[in-house]
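> The following block contains a protein sequence and its predicted model.
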Amino acid sequence: MLRVRKLNARKRIAMVAHDNKKKDLIEWAEFNKTVLARHELYATGTTGKLLENALDRPVRGLLSGPLGGDQQIGAMIASGDIDMLIFFWDPMEAQPHDSDVKALLRVAIAWNCIVANDRATADFILTSPLMMEEYMVNIPDYTSYLNRKV
């Protein structure tokens, strides 16, 4: 059985950045301020405060990533309350909450969420014509997994 979820033209975008990537994310967001103004923004901890200041608009703040913000976003993705994840993560430095990061990315992929982990991918996604229109996302059918014998 194929299930779908409609993404509205106004997307709900979660934005996350590791400490060494916050500056990159803020610069990217400022460059794309006009486009981002058409969407709802969510962000973890400090990233949310930095984005609010840089964009001069409200950003729904969540907990800091290591304190549960990554899990909050993951739960919102699983429940269909986030359409896209922009996560500038630092591949060169181990994070104390690497397991949280891995779990967030796993949940995003499991639910067919749009994900960008670097500036180039975020640029391609944000400039896609699909960003400004409704889009139907296929939701994987996990029935057999849920009904497996344990």
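Right, received. Where do you want to start? Numbering: from 1, shown residues only.
> tell me the pLDDT at the most centrally placed residue in the chain?
Centroid check for the chain by Cα atoms, centre = their mean gives L85 as the closest residue, at 1.5 Å. We have a pLDDT of 98 for L85.
> Report the rounded mean pLDDT for the helix or strand harbouring V4.
Using DSSP states H and E, the element containing V4 is strand 3-7. Averaged across strand 3-7, pLDDT comes to 94.
> Give me the buried positions along the host helix or strand of I73.
Using DSSP H and E, I73 sits in helix 69-78. Buried positions in helix 69-78, judged by neighbour count with 16 or more other Cβ atoms under 10 Å: 69-74, 76-77. For glycine as for every other residue, the C-beta is placed from the backbone atoms N, C-alpha and C.
> From what I see, A43 and R12 are in contact.
No - in this structure A43 lies outside contact range of R12 using Cβ atoms under 8 Å: 11.8 Å.
> okay, the angle between the lengthiest helix in the chain and helix 69-78?
Counting residues, the longest helix found in the chain (DSSP state H) is helix 98-110. Going by axes from the mean of the first three to the mean of the last three Cα atoms, to 10 degrees, helix 98-110 is angled at 10 degrees with respect to helix 69-78.
> May I ask which helix or strand of this structure has the lowest mean pLDDT?
helix 143-146 (a mean of 84; mean pLDDT, DSSP states H and E).
> Show the low-confidence segments of the protein, by residue range.
Scanning the chain for pLDDT under 70 picks out 1-2, 94-97.
> circling back: if the residue nearest to the centre of the chain is in a bridge, with which residues?
A14, V115 (DSSP bridges).
> wouldn't it be in contact with M76 here?
No - in terms of Cβ under 8 Å, L85 does not count as a neighbour of M76; the distance is 9.7 Å.
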